[in-house]
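Undergrad: what's the 3D shape of this:
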Amino acid sequence: MILRDKNAILEALRTGREIYYIGVSRGIKDDKKISEILAIAEKKNISIKELTRTNNNASRKTISIEAKCGDFKYSSFDNLKEVIERKGSEALLVAIDHVQDPRNLGAILRTAAAAGVDAVIIEKRRCCEVTDIAYETSCGGADRIPVVKVSNLRQTLRVFKEWGCWIAGTDERAEDSCYNVDLSGLNVLVLGSEGEGLSRIVSEECDFIVRIPTAPNFPSLNVSVAAGIMMFEFVRAKLMNMAGNTEQAE
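TA: You can find the predicted model right below:
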């Protein structure tokens with residue numbers, strides 16, 4: 001994995017991602033963020049070298065910095081059960097059904113990290129992986145939360161049900177608005193693909209299907225935007241529920 005975004009490189013350094021070297025173009029070391037990157041790299045004894053343009057890489061002249069990193073490491077599915085048992089109704093997982101654009105995946109991971117999501121689940125064959133583009137788009141969020149790859153999302157949702165989870169899917173054609181359903185007890189949010197939305201077999205495993213209310217003449221939202229709205233609506237509902245339980249206890 002090669003990163004060329006300064007923010008992503010800085011976050012990779014902070015989270016301890018394996019970095020083989022950092023390359024810097026001549027004459028740009030006065031850049032404040034690059035200076036910070038180099039200072040951290042030196043403390044970690046990471047090799048620093050000068051980037052040079054070659055005849056075979058004309059675009060090199062536009063690159064100010066890059067970091068050669070190890071491949072992204074996914075988390076184990078087995079760890080999710082402990083999370084759900086420990087956090088109960090407060091647990092929140094996000095499952096992705098067939099998202100193909102790495103920028104959408106990266107944006108979802110960034111929002112998931114900001115929302116305090118416990119894990120993001122993707123399918124091995126039907127979803128894009130955490131590539132360098134996805135990682136850069138996530139601004140390091142990919143390293144802030146567990147990302148789990150599963151062979152079959154439908155079967156995975158069934159396992160979550162066996163563990164006592166409640167599952168909500170999102171679909172712009174759903175009857176129920178996300179604002180009219182109590183989301184506080186739900187543990188799993190399922191997001192559909194860019195073009196087709198939720199697949200039929202995945203939607204059949206959801207306990208609820210909800211939509212985000214939009215203008216009637218323009219109902220469609222980008223999946224990463226919809227993900228952000230839904231994740232923070234889940235968070236809001238859980239916080240409201242926790243506040244209500246605290247008041248009752250008092």
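Undergrad: then stretch 179-186 to PDB, C-alphas only?
TA: The C-alpha coordinates for stretch 179-186 follow below in PDB (Å, rounded to 0.1, in the frame of the first residue of the first chain):
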ATOM      1  CA  TYR A 179     -36.900   9.300  12.400                       C
ATOM      2  CA  ASN A 180     -40.200   7.400  13.100                       C
ATOM      3  CA  VAL A 181     -38.500   4.100  14.300                       C
ATOM      4  CA  ASP A 182     -36.900   3.600  17.700                       C
ATOM      5  CA  LEU A 183     -33.300   2.800  16.700                       C
ATOM      6  CA  SER A 184     -31.900   2.800  20.300                       C
ATOM      7  CA  GLY A 185     -32.000  -1.000  20.600                       C
ATOM      8  CA  LEU A 186     -30.700  -1.900  17.200                       C
END
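Undergrad: what domains does the record give for the chain?
TA: Listed by automatic domain parsing, the domain ranges of the chain are 2-69, 78-249.
Undergrad: How about the longest helix anywhere in the chain, which residues are buried there?
TA: For the chain, the helix with the greatest residue count under DSSP state H is helix 223-249. Under the neighbour-count criterion of 16 or more other C-beta atoms under 10 Å, helix 223-249 has 223-224, 226-228, 230-231, 233-235, 237-238, 241 buried. For glycine as for every other residue, the C-beta is placed from the backbone atoms N, C-alpha and C.
Undergrad: Next: stretch 11-21.
TA: Glu11, Ala12, Leu13, Arg17, Ile19.
Undergrad: ditto for stretch 145-164
TA: Ile145, Pro146, Val147, Val148, Lys149, Val150, Leu153, Thr156, Leu157, Phe160, Lys161.
Undergrad: Kindly list the main-chain dihedrals of the third one?
TA: Here the main-chain torsion angles of Val147 (degrees, to the nearest 10) amount to phi -120, psi 120.
Undergrad: pLDDT wise, what is it at?
TA: On pLDDT, Val147 comes in at 95.
Undergrad: Then the last one?
TA: As summarised for this prediction, Lys161 has a pLDDT of 93.
Undergrad: quick one, what contacts the residue nearest in space to the middle of the chain?
TA: The centroid of the chain falls nearest to Leu109 when counting by C-alpha atoms, centre = their mean (1.4 Å). With contact set as C-beta atoms under 8 Å, 6 or more residues apart in numbering, Leu109 has these partners: Val120, Val130, Ala134, Thr137, Ser138, Gly141, Ala142, Ile145, Val147.
Undergrad: I'd like to know which elements the strand or helix carrying the third one is packed against.
TA: Ala134 is part of helix 132-137 when elements are defined by DSSP states H and E. Applying 3 or more C-beta pairs under 8 Å, 6 or more residues apart in numbering; DSSP states H and E, one finds that helix 132-137 makes contact with strand 2-3, helix 6-14, helix 102-115.
Undergrad: count of residues packed around the nearest residue to Trp163 once chain neighbours are set aside?
TA: Nearest residue to Trp163, sequence neighbours excluded (C-beta to C-beta, 6 or more residues apart in numbering): Ile84, at 5.4 Å. Burial of Ile84 is recorded as 21 neighbouring residues (other C-beta atoms under 10 Å).
Undergrad: quick one: the longest strand along the chain to helix 6-14, angle?
TA: Across the chain, the longest stretch assigned as strand under DSSP state E is strand 19-25. For strand 19-25 against helix 6-14, the angle by axes from the mean of the first three to the mean of the last three C-alpha atoms, to 10 degrees is 150 degrees.
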